[in-house]
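> coordinates for the following, if possible.
(chains A and B)
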Amino acid sequence: MADRELMYREALREALFEEMELNDEVFIIGEGIAERGGSYKVTEGLLAKFGALRVRDTPISEASMIGVGVGAAIAHARPVVEILYIDFAMLGMDQIVNQAAKFRLMTGGEGRVPFVLRTQGGTGGGVAAQHSQSLEALFYHIPGLRVVMPSTPHDAKGLLKYALRQPDPVMFLEHKHLYMTKGMVPEGELIIEFGKADIKREGTDVTLIAWSNMVPRTLEAAEQLAGEGISAEVLDPRTLVPLDKDAILASVAKTNRVVIVQEAVRRGGVASDIASIIQQEAFYDLDAPVEIVAGMNTPIPFNLELEKASVPQTSDIVAAAKSVLHADKAA
Amino acid sequence: MAADNTRSNTPPKELLEKLFTTAFRIRTFESGGIKLYRQGLVRGYFHPSLGQEGIASGACAAIEDRDYIGSTHRGHGHCIARGAEIDGMVAELLQKRTGYCKGYGGSMHIADITKNNLGANGIVGAGTPLGVGAALANQVRGSDAVTITFTTDGATNNGTFLESLNLAAIWNLNFILIIENNQYAVSTTLEEATRDTDLYKRGEAIGVESHQIDGNDPLLVYETVLDAVKKCRSGLGPVLIEAKTYRHSGHHVNDPGKYMPEERLKYYMDRDPVDRARDNLIKLGKMSAEEVAKLEEEIQQEFDAAVEKAKAAGEISVEEFQDFVSAY
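This next block holds a predicted model:
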């Protein structure tokens, strides 16, 4: 199977196409996803190919749309619910937190919820406080959910295909800045199991851990660091739950220095949890305290300069990497 | 529309027997369960449906194995009416590994999911979208299976009530929503909670065929639901049924229900669904009082035996639990 260059949104669409072709129980609902093809064009062409029974628009009823997906999954189908913005998923938190995440345990392991909620988050050029959030920590906090955050077209395809074959509720969190990014993606079968991190760039001096839209930004930082003679390794966990602890610890053992980069606000974030895992399980591998580069503890403002100041920029990542290397003082 | 209560032909004895034994089995389970609770053998929350058994019994008698149900926090009756074994029910109350949820769920989350039961639910109103989801899944796979979701008058003031029923309506799903209108949300009266207490009108307002019936008449519930099932299977779903009823006691075992006016309680006690199912069986089904007493004795023995079995059963160990959730 040949690789070809696809956009992130095309890779997602290809995953949906392939899985819907393979399994009649896969169907998708969401706002404006059928005729219109979705606000980010991920579902374009699905209606024509698979028909109105399996590709359907919903009214603006997020709380119930999400619950409908959960119920369909309990009834052994493979629903995908597209929620336009992660901010809107807040309307369906009961169904995600109290229903989807708990059904398996509450039924003594007998019931499963193979439900995929696709949505997107992050800042995107002035869409302001209610359309810009990075809320993965809310889902990360809830036992029973899988939290997936692909950063490349390749990973987007492989992870979405896997999501549609595994048995648990998946929060599949895309990023509005990534839809138009391009990358090489194999044709046909590509399955990426959850809990397998990917080293996006090998390095020896410092480990930079990042996911979703922070990956391209961190790779940019690594490139700049290379220009200054610093070899940075960029590790993308790809799924936050399950988290590939082994890959993280192995990288830390190699570089002895870590920066964790997240777009989400610093307080109560996933980065803090990863830092606590590293300090607990790899304390003696560390030559410097774990550094976190994260969003400010603020709702995202509309003003573009202020929006930019709210979330990590390449220069922040470079500075943090240097600080754990004490390179700032050496220079 | 408000349904009338006349029927032209005599229902078959088998049906009348099923309606009675189901209602009596629920009553026996819950009355016995409350005793176990008082003895300290059952912990947590226990929401009895005593007085409401006619709805679960009537509705579940009208559907087939391939159909689905979804329940509420007051869910023992639905689970039993859907065919759950009393052994697994009692064992779950006693948090034993032989319980339907192996002691992970308890009274409030009890479900025999092998019977296409989407589960009881501790979040009022949350079961409605789940039921619409099951109905959607069945439509996508080309099945004519019907999903019945039991909900409550309290849940009709939750946003998902309208949202979900509307989704079922625009998609013509095989979905029957039964509001068990027991007239209280815990202790808040329906009159306090809404201006128009005829809840079925909410379905009519969005173009859904809607009925208001006496939920304490198991036979009427059966007939109304059977008609709704037929309509659904011929593409005329969904259907909303408001079944009016009343609890025999408070919201849960530790709520004495002092806010429930005596005269209203008496009114409904005089129209007790178990008594009516028994009367129907004797009068319409021509079963002798002795035969009925024998049925009752068998059901009581079934419960007593289930208690003994559950007491003797083991519990899930902490190690098994840790292993189960290790990938969470």
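
> so where's the stretch 1-150 of chain A shaky on pLDDT?
Applying pLDDT under 70 to the stretch 1-150 of chain A picks out residues A:1.

> near chain B, which residues of it? Just list them.
Selection of the stretch 1-150 of chain A residues close to chain B by C-beta under 8 Å from any C-beta of the partner chain yields A:24-25, A:27, A:29, A:53-54, A:56, A:58-59, A:61, A:63-77, A:79, A:94-95, A:98-99, A:103, A:105-111, A:143-144. All C-beta atoms are positioned from the backbone trio N, CA, C, and that covers glycine.

> of those residues, which count as buried by neighbour count?
For those, a burial check counting by 16 or more other C-beta atoms under 10 Å in any protein chain shown picks out A:25, A:27, A:29, A:54, A:56, A:58, A:61, A:63-75, A:77, A:79, A:94-95, A:98-99, A:103, A:105-108, A:110-111, A:144.

> report the buried residues of stretch A:248-263.
A:248, A:250-252, A:255-263.

> same thing with stretch A:287-300?
Quick answer for stretch A:287-300 (16+ other C-beta under 10 Å): A:290-295, A:300.

> ends of it, what's the gap?
End-to-end distance for stretch A:287-300: 34 Å, by C-alpha to C-alpha, to the nearest Å.

> OK, contacts around the most centrally placed residue in chain B?
Nearest residue to the geometric centre of chain B (C-alpha atoms, centre = their mean): residue B:78, 3.2 Å. Residue B:78 sits next to B:56, B:60, B:69, B:71-72, B:117, B:120, B:150 when contact means C-beta atoms under 8 Å, 6 or more residues apart in numbering or on different chains.

> mind listing which of those are in helices?
Cross-referencing those against helices under DSSP state H gives B:56, B:60.

> restricted to buried residues, select the contacts of residue B:78 in PyMOL.
A single PyMOL command is used to select the members of the contacts of residue B:78 judged buried by 16+ other C-beta under 10 Å:
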select buried, chain B and resi 56+60+69+71+72+117+120+150
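
> now residue A:85: phi and psi?
phi -130, psi 140 (degrees, to the nearest 10).

> run a quick neighbour tally on it.
Applying other C-beta atoms under 10 Å in any protein chain shown, we find 21 residues neighbouring residue A:85.

> can you check residue B:31 too?
Neighbours of residue B:31 using other C-beta under 10 Å come to 14.

> before we move on, what about the one 4 residues further on?
Here the neighbour count serves as a burial measure; for residue B:35 (other C-beta under 10 Å) it reads 12.

> ok, whichever residue of the stretch 101-250 of chain A sits closest to chain B - contacts?
Nearest residue of the stretch 101-250 of chain A to chain B, counting by C-beta to the nearest C-beta: residue A:108, 3.3 Å away. Counting by C-beta under 8 Å, 6+ apart, residue A:108 touches B:99-105.

> could I get those as CSV with neighbour count?
CSV is the format used below for these (neighbours: other C-beta atoms under 10 Å in any protein chain shown):
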residue, neighbour count
B:99, 25
B:100, 29
B:101, 26
B:102, 23
B:103, 21
B:104, 23
B:105, 25
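
> host element of residue B:21?
Element membership for residue B:21 (DSSP states H and E) is helix B:13-38.

> try residue B:58
With DSSP H and E as the test, residue B:58 turns up in helix B:53-60.

> what parts of the stretch 201-331 of chain A come near chain B?
residue A:242.

> low-confidence ranges, the stretch 201-331 of chain A, go.
A:327-331.

> residue ranges of the strands in it, please?
Ranges of strands within the stretch 201-331 of chain A are A:206-210, A:232-236, A:239-241, A:258-265, A:291-295, based on DSSP state E, counting those that start in this stretch.

> which residues of chain B fall in strands?
Assigned by DSSP state E, chain B shows strands spanning B:68-70, B:147-152, B:175-181, B:184-185, B:188-189, B:209-214, B:239-244.

> just checking, residue A:183 touches residue A:153?
Yes: using C-beta atoms under 8 Å, residue A:183 is in contact with residue A:153, at 4.1 Å.

> thanks again, I'm all set now.
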